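**Student:** please find the sequence and the predicted model below.
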Amino acid sequence: MHADGYRLFTGFVRDLTERQQTLRRLHELQAELSHVSRLTEMGQMTSALAHELNQPLTAATNYLEVGHRLLTRIEGDAGSRAARSVADAAGQVRRAVEIMRRLREFVRKGEGERRIEPIGQLIEEASALALIGVRDSGIAVRLEIAPKLPPVSVDKVQLQQVLVNLIRNAVVAMEGRQQRELKITAALDAGGAVEVRVVDTGPGIAPEIAERLFQPFVTTKPQGMGVGLSICRAIVEAHGGVLRVAANPGGGTVFAFALPAAG
């Protein structure tokens, strides 16, 4: 084989090998994110359900205690047995309330494994995962990462979960829109923190939804569960940041959060 042909062939094999390794790494990251996402969503659902169920369970306890007091005024064996049964029921409801309280505490105090990570690489990997199957959908994607950004101390999988969620939400929001532009940026803010922004050109968020957007079970999607953004906010806050939402001046929505620089 001619030398030039050999070099071309060798370069082709090297590019193919690197592409296969990249795809394999993406699949591994996707599987890891899916696993952590399911675990985190389960924890968030547990916490939210515990909060929602606490009030009716407490009310049930109060009603049972009132019923027990009324039954103790009834003379005879039947009244006595009924009073004991109601007292036992009230005890079990109180036990359920305590179980819920402890579940909420467990979920709230859960922490991930934090390491010093380069924010640019983290964003690039998360974007590649979130945009699988999107490149040919007509969405113009711009990734703007400022040079020489300081690293951040984060749980990489959790932060990638936040980014994947925000990017996929942006993609869904732009379905059917004539203008579909997605911009993901990272730069230093005025306080020296690393600010990450996900900007879309979707329809925006209605004011009545925006006020409650980060609450559990609030969603703009017909089939959504309304826990994704609640999870994202909890993860960002656990890393010392705040997840914010604002209107995109050009139409659409901006989600942004800032992370303290490591060291």
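**Tutor:** Okay, I see it. Residues are numbered from 1 along each chain as shown.
**Student:** OK, contacts around residue 150?
**Tutor:** Neighbouring residues of residue 150 by CB atoms under 8 Å, 6 or more residues apart in numbering: 119, 188, 194, 261-263. Every residue, glycine included, has its C-beta placed from N, CA and C.
**Student:** quick one: which of those is most hemmed in?
**Tutor:** Within these, most neighbours by other CB atoms under 10 Å means residue 194, with 24 neighbours.
**Student:** that one contacts residue 261, doesn't it?
**Tutor:** Yes. The pair residue 194 / residue 261 is scored as a contact, 6.0 Å apart, by CB atoms under 8 Å.
**Student:** shared neighbours of the two, anything?
**Tutor:** 150, 152, 188.
**Student:** got the contact list for the second one?
**Tutor:** Residues counted as contacts of residue 152 (CB under 8 Å, 6+ apart) are 116-117, 119, 122, 194, 239, 259-262.
**Student:** rerun that using 10 Å as the cut-off
**Tutor:** Each residue near residue 152 by CB atoms under 10 Å, 6 or more residues apart in numbering is listed here: 114-119, 122, 159, 186, 193-194, 196, 239-241, 258-263.
**Student:** next: the last one.
**Tutor:** Contacts for residue 188 (CB under 10 Å, 6+ apart) come out as 146, 148-150, 194-195, 258, 261.
**Student:** repeat that with 8 Å
**Tutor:** 146, 149-150, 194-195, 261.
**Student:** now residue 141
**Tutor:** 127, 131, 134-135, 182-184.
**Student:** buried members of these into ChimeraX, please.
**Tutor:** Per 16 or more other CB atoms under 10 Å, the buried members of these correspond to this ChimeraX selection:
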select :127,131,134,182,183,184
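**Student:** between all of the contacts of residue 141, which two are separated the most?
**Tutor:** Taking CB to CB, the two most distant members of these are 135 and 183; they sit 15.3 Å apart.
**Student:** shouldn't residue 177 be within a strand?
**Tutor:** No. Residue 177 is assigned coil when assessed by DSSP: H, G, I helix; E, B strand; the rest coil, not a strand.
**Student:** any idea how far residue 56 lies from residue 71?
**Tutor:** When CB to CB, to the nearest Å is the yardstick, residue 56 and residue 71 sit 22 Å from each other.
**Student:** let me know the secondary structure of residue 254.
**Tutor:** strand.
**Student:** follow-up on the earlier one: residue 56 and residue 71 - which one has more neighbours?
**Tutor:** Shown here are residue 56 and residue 71; by other CB under 10 Å, residue 71 has more neighbours (18 against 10).
**Student:** thought the more buried one was touching residue 89?
**Tutor:** No. Applying CB under 8 Å as the test, residue 71 and residue 89 come out as separate, 11.4 Å apart.
**Student:** can you map out the helices along the stretch 1-150 of the chain?
**Tutor:** Here the stretch 1-150 of the chain has its helices, by DSSP state H, counting those that start in this stretch, at 3-71, 77-108, 119-130.
**Student:** then the last one to PDB, C-alphas only?
**Tutor:** Once non-C-alpha atoms are left out, helix 119-130 reads as follows in PDB (Å, rounded to 0.1, in the frame of the first residue of the first chain):
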ATOM      1  CA  ILE A 119     -17.000  22.200  34.700                       C
ATOM      2  CA  GLY A 120     -16.500  22.300  30.900                       C
ATOM      3  CA  GLN A 121     -16.000  18.600  30.500                       C
ATOM      4  CA  LEU A 122     -19.000  17.900  32.800                       C
ATOM      5  CA  ILE A 123     -21.300  20.100  30.700                       C
ATOM      6  CA  GLU A 124     -20.000  18.600  27.400                       C
ATOM      7  CA  GLU A 125     -20.700  15.100  28.600                       C
ATOM      8  CA  ALA A 126     -24.100  15.900  30.000                       C
ATOM      9  CA  SER A 127     -25.000  17.800  26.700                       C
ATOM     10  CA  ALA A 128     -24.000  14.800  24.600                       C
ATOM     11  CA  LEU A 129     -26.200  12.500  26.700                       C
ATOM     12  CA  ALA A 130     -29.200  14.900  26.700                       C
END
